[in-house]
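Asks: sequence first, then the predicted structure:
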Amino acid sequence: MEWMKAHPAAISWITGSSLLLFVGSLIALPWILRMIPADYFDQDHIPLRQIWFQSTSQLRLWIVAKNFLALILAIAGLLMTFLPGQGLLTLLAGLFLSDLPFRKPLLHTVFKRAFILDPVNRLRAKRAIPPIIV
């Protein structure tokens, strides 16, 4: 408590960042969940190594930027498990954006749970988007 009184600027930054991440996740997560193809878990995964060596410098820059955003979302998701915000959903969004080799099996394990898949498919149904098939 004394630290908080001694560092009001830090508390303001932490509060503002937490609020910004909370609002950002409320906006971004429904969009990300709508963008997932219905057959996402049936598609074959192309290794990043193969994409990297066959791509242009612009695509490589996009891959680096996308993975940097995934890292930021993953860290924010971990922080939001202790701070206000949608921590687990933000962490999942970061995992979706990443190019980690274990991403797809991990996401498949998470999405085959009814308490995850049902709300996601209800959100997709509101926009007339086909449900995700697991």
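Replies: All right, it came through fine. Numbers count the residues shown, from 1 in each chain.
Asks: kindly indicate whether the closest residue to Ser98 other than its chain neighbours is helix, strand or coil.
Replies: Leaving aside its sequence neighbours, Ser98 sits nearest to Ala70 (C-beta to C-beta, 6 or more residues apart in numbering; 3.8 Å). Any C-beta I mention is one placed from the backbone N, CA and C, and that applies to glycine too. Here Ala70 takes the helix state, with states given by DSSP: H, G, I helix; E, B strand; the rest coil.
Asks: look up how far Gly94 lies from Ala70.
Replies: For Ala70, the distance to Gly94 equals 5 Å [C-beta to C-beta, to the nearest Å].
Asks: per-residue pLDDT, the residue nearest to Ser98?
Replies: Ala70 is assigned 88 on the pLDDT scale.
Asks: in the chain, which residue is closest to the centre?
Replies: Ala93 (1.1 Å; C-alpha atoms, centre = their mean).
Asks: immediately after the helix or strand where it lies, which helix or strand?
Replies: Using DSSP states H and E, Ala93 falls within helix 87-97. Using DSSP H and E, the next helix or strand after helix 87-97 towards the C-terminus is helix 103-111.
Asks: and stretch 124-133, how far out from the chain middle?
Replies: Chain-centre distance of stretch 124-133: 19 Å, with C-alpha atoms, centre = their mean, to the nearest Å.
Asks: what sits up against that stretch?
Replies: The contact list for stretch 124-133 (C-beta atoms under 8 Å, 6 or more residues apart in numbering) reads Leu33, Arg34, Ile36, Ala38, Asp39, Tyr40, Phe41, Asp42, Phe111, Leu117, Val120, Asn121.
Asks: and for stretch 32-45?
Replies: Residues outside stretch 32-45 that contact it (C-beta under 8 Å, 6+ apart): 93, 96-97, 104, 107-108, 111, 120, 123-124, 127, 129-134.
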